[in-house]
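Visitor: Provided below are the primary sequence and the corresponding predicted coordinates.
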Amino acid sequence: MLKRCVMLVCLGVSGAAMASEPVDLDMVSRIRQEAFHNSQVMATLTHLTEGIGPRLTNSPQMAEANDWTRGKFNEWGLANVHDEAFDFGRGWEFTHASVQMLGPRQLPLHALPKAWTPGTDGPVEGEALLVKIEKAADLEKYRGKLAGRILLLSEEREYARGEKPDSHRHDDAGLAELQAFAVPKDEKDDRAERVKKYTERQELAKATNAFFVEEGALAAISISGWDNGIIRVGGGGSRKAGESAGIPELAMAAEHYNQLVRALERDESVRLRVDVDARFTDEADQPGHNTVAEIPGKGRKAGEIVMLGAHMDSWHTGTGAADNAAGVAVMMEAMRILKAVGAQPDRTIRVALWSGEEQGLIGSRAYVADHFAAYPEPNDPAQQALPGSLRDPTGPLQRKRDYERFSAYFNMDNGSGRFRGIYAQENLAAVPIFQAWLEPFHDVGATTVATRNTGSTDHISFDAVGLPGFQFIQDRLDYFSNVHHSHLDTRDHIEPEDLKQAAAIVASFAWHAATREEKMPRKRLLERE
């Protein structure tokens, strides 16, 4: 087997200080051949998006995705294929939504429902009423005034004309900028203020849901967060059994919504017809599920673990292509490639397809807590109601048996753009390792190791407990201009060649992490205070 050592200058150290990291060029060549010339990544993505469709956590489509991916893993010969449960809530789905302006003129309006809000049980018609609710006291202003009305929850928003291209790829200057690390400023601990604002938002949402139902409002509409006809929509109502889900609620394209507000400001009577076919699929709270499979390690390091993963859940109005069937297809393809080239790693390589990511990394946090480490759960119900990032410290980190057996986790969740490198997450000891592993992929555009952190996705569940968790640097394409959480998140926005490149890099990184002499180095864990 051909190997060579790529010699690299350690970050921040003179050229005399060198570090070597073995790179298995024979295996990299086999991985590239399989990834570039026998790819199945687009077949996987197409089935997830156009065969199954959007995969809201705990929806029937998510259950179908869990079942289908388990079947593929078994077909490819992976081991220990199974689902792992975590606490979540009720399932929900919708099949139809329409909004029609009946007066002062007739016009179809583009709107889609928020997840976990009820349907209308057939078409409903009513006069539109603009309401402004910023605090609980504002509700009283509308008592006795909402029955039979369709509520507009947002003010008119001025159109923001785009000043940058919709689609973006990193150039040399942009990649160089990513390599600069900004020393953070001292910041006061504002946890108490953030807890206060979070609690107030939650309490206001619950009070508003119940008030709208009590007052007999028919439906509510808010403005989409983006312009140019893009409907960007997430959750509303409540997924928790026993809590009010409110009234049917939709997000509407800004250019359609604004004209309704302007008509009301001209004292015109705006009459709307709303028809939403949506339903909860469970009466009681149900567990969500992560799908897990692995290639077992061989020999004395077989009990050690390298992980790769992506979240399989999506929002419900597109088909969850860029966010995040792209990541799922790449991680599945990386495992298929390793099996196809006959890889027999020293350490076990495990893939996890997460659920509940869009609701706050729920699936991956639960998995890390079950297998590796977690901070003690608080006893105070008020603290239990907070997300983990806002809770007061409850004691030292509680490490599980597999904590010391863990090596690294690699994640993908920034659309289908080409890999340009990897974020080292301030783990400086990992930098020369990643530079070596990337060197065979310079010819396909992956060259950069950035010391900085990146957040907001499942690698944070590992990083938060001191385990090496990493996210790749990607070309963002139109991820943040057109598709992120929008109804345009479909297969048409995917770049097949970029996914082939990404799958090859993930497979290579997983192989090298699973066969290097030592586990991946860890940065110092700053315990919560």
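Guide: Good, I have the coordinates.

Visitor: Tell me where the chain has helices.
Guide: According to DSSP state H, the chain carries its helices in the segments 25-37, 41-46, 60-75, 172-178, 191-215, 254-265, 326-340, 362-371, 381-384, 431-438, 459-463, 496-515.

Visitor: could you dump the first one to CSV, C-alpha only?
Guide: It stands for helix 25-37. Written as CSV, here are the backbone C-alpha positions of helix 25-37 (Å, rounded to 0.1, in the frame of the first residue of the first chain):
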residue,chain,number,x,y,z
LEU,A,25,-2.5,8.1,-1.4
ASP,A,26,-3.4,4.6,-2.6
MET,A,27,-6.7,4.7,-0.6
VAL,A,28,-7.3,8.3,-1.7
SER,A,29,-6.9,7.3,-5.3
ARG,A,30,-9.4,4.4,-4.9
ILE,A,31,-11.8,6.7,-3.1
ARG,A,32,-11.6,9.3,-5.9
GLN,A,33,-12.2,6.7,-8.6
GLU,A,34,-15.3,5.4,-6.9
ALA,A,35,-16.6,8.9,-6.0
PHE,A,36,-16.0,10.5,-9.4
HIS,A,37,-16.8,7.7,-11.8
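
Visitor: Distance from the chain centre to stretch 302-316, please.
Guide: Here stretch 302-316 is found 12 Å from its chain centre; the criterion is Cα atoms, centre = their mean, to the nearest Å.

Visitor: Revised request: answer the last question for stretch 260-272.
Guide: Stretch 260-272 has its C-alpha centroid displaced from the chain centroid by 37 Å (Cα atoms, centre = their mean).

Visitor: how close does residue 497 get to residue 418?
Guide: Relative to residue 418, residue 497 is positioned 8 Å away (Cβ to Cβ, to the nearest Å). Any C-beta I mention is one placed from the backbone N, CA and C, and that applies to glycine too.

Visitor: Any stretches of this structure with poor pLDDT?
Guide: Within the chain, the ranges that satisfy pLDDT under 70 run 1-19, 528-529.

Visitor: hmm, try it at 90
Guide: Counting by pLDDT under 90, the chain contains low-confidence ranges at 1-20, 162-164, 184-192, 384-385, 387-393, 455, 526-529.

Visitor: I figured residue 64 was touching residue 52, is that so?
Guide: Yes: Residue 64 lies in contact with residue 52 (Cβ atoms under 8 Å); the separation is 5.2 Å.

Visitor: Of the two, give the one with the bigger neighbour count.
Guide: Ranked by neighbour count (other Cβ atoms under 10 Å), residue 64 and residue 52 place residue 52 first, with 21 against 15.

Visitor: from memory the more buried one sits against residue 61, does it?
Guide: Yes: when contacts are counted by Cβ under 8 Å, residue 52 is listed as touching residue 61 (5.4 Å).

Visitor: deepest of the helices of the chain, which one?
Guide: Mean neighbour count (mean count of other Cβ atoms under 10 Å) peaks for helix 326-340 among the helices of the chain, with a mean of 27.

Visitor: related to what we said a few turns ago, same list (the helices of the chain) but as TSV, adding distance to residue 109.
Guide: TSV is the format used below for those (distance: least, Cβ to Cβ, whole Å):
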stretch	distance to residue 109
helix 25-37	45
helix 41-46	31
helix 60-75	26
helix 172-178	39
helix 191-215	20
helix 254-265	4
helix 326-340	31
helix 362-371	33
helix 381-384	41
helix 431-438	49
helix 459-463	38
helix 496-515	35
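
Visitor: So which of those is nearest residue 402?
Guide: Relative to residue 402, the nearest member of those by Cβ to Cβ is helix 362-371, separated by 5.3 Å.

Visitor: which outside residues touch that closest one?
Guide: With Cβ atoms under 8 Å, 6 or more residues apart in numbering as the test, helix 362-371 has contacts from 57, 84, 86-88, 288-290, 309, 311, 313, 352, 354-357, 374, 388, 400, 402, 458, 461-462, 464-465, 467.

Visitor: Buried subset of the residues you listed as a PyMOL selection?
Guide: Those of those that count as buried under 16 or more other Cβ atoms under 10 Å are selected in PyMOL with:
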select buried, resi 57+84+86+88+288+289+290+309+311+313+352+354+355+356+357+374+388+400+458+461+462+464+465+467
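
Visitor: Sort out for me which of the contacts of helix 362-371 are in strands.
Guide: 84, 86-88, 288-290, 309, 311, 352, 354, 374 (DSSP state E).

Visitor: Pull the number of nearby residues for residue 113.
Guide: Count around residue 113 with other Cβ under 10 Å applied: 27.

Visitor: May I have the beta-bridge partners of it?
Guide: Beta-bridge pairing for residue 113 (DSSP bridges): residue 250.

Visitor: Please report how far it lies from residue 247.
Guide: Going from residue 113 to residue 247 by Cβ to Cβ gives 11 Å.

Visitor: what are the bridge partners for the residue lying closest to residue 516 once chain neighbours are set aside, then?
Guide: In space, not counting the residues next to it along the chain, residue 516 is nearest to residue 22; the distance is 6.9 Å by Cβ to Cβ, 6 or more residues apart in numbering. With DSSP bridges applied, residue 22 shows beta-bridge pairing to residue 5.

Visitor: now residue 276
Guide: Going by DSSP bridges, residue 276 forms beta bridges with residue 97.

Visitor: picking that back up, make CSV out of the ones in strands among the contacts of helix 362-371 and add distance to residue 45.
Guide: Shown next, in CSV, are those (distance: Cβ to Cβ, whole Å):
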residue, distance to residue 45
84, 24
86, 25
87, 29
88, 25
288, 22
289, 21
290, 19
309, 16
311, 14
352, 18
354, 17
374, 33
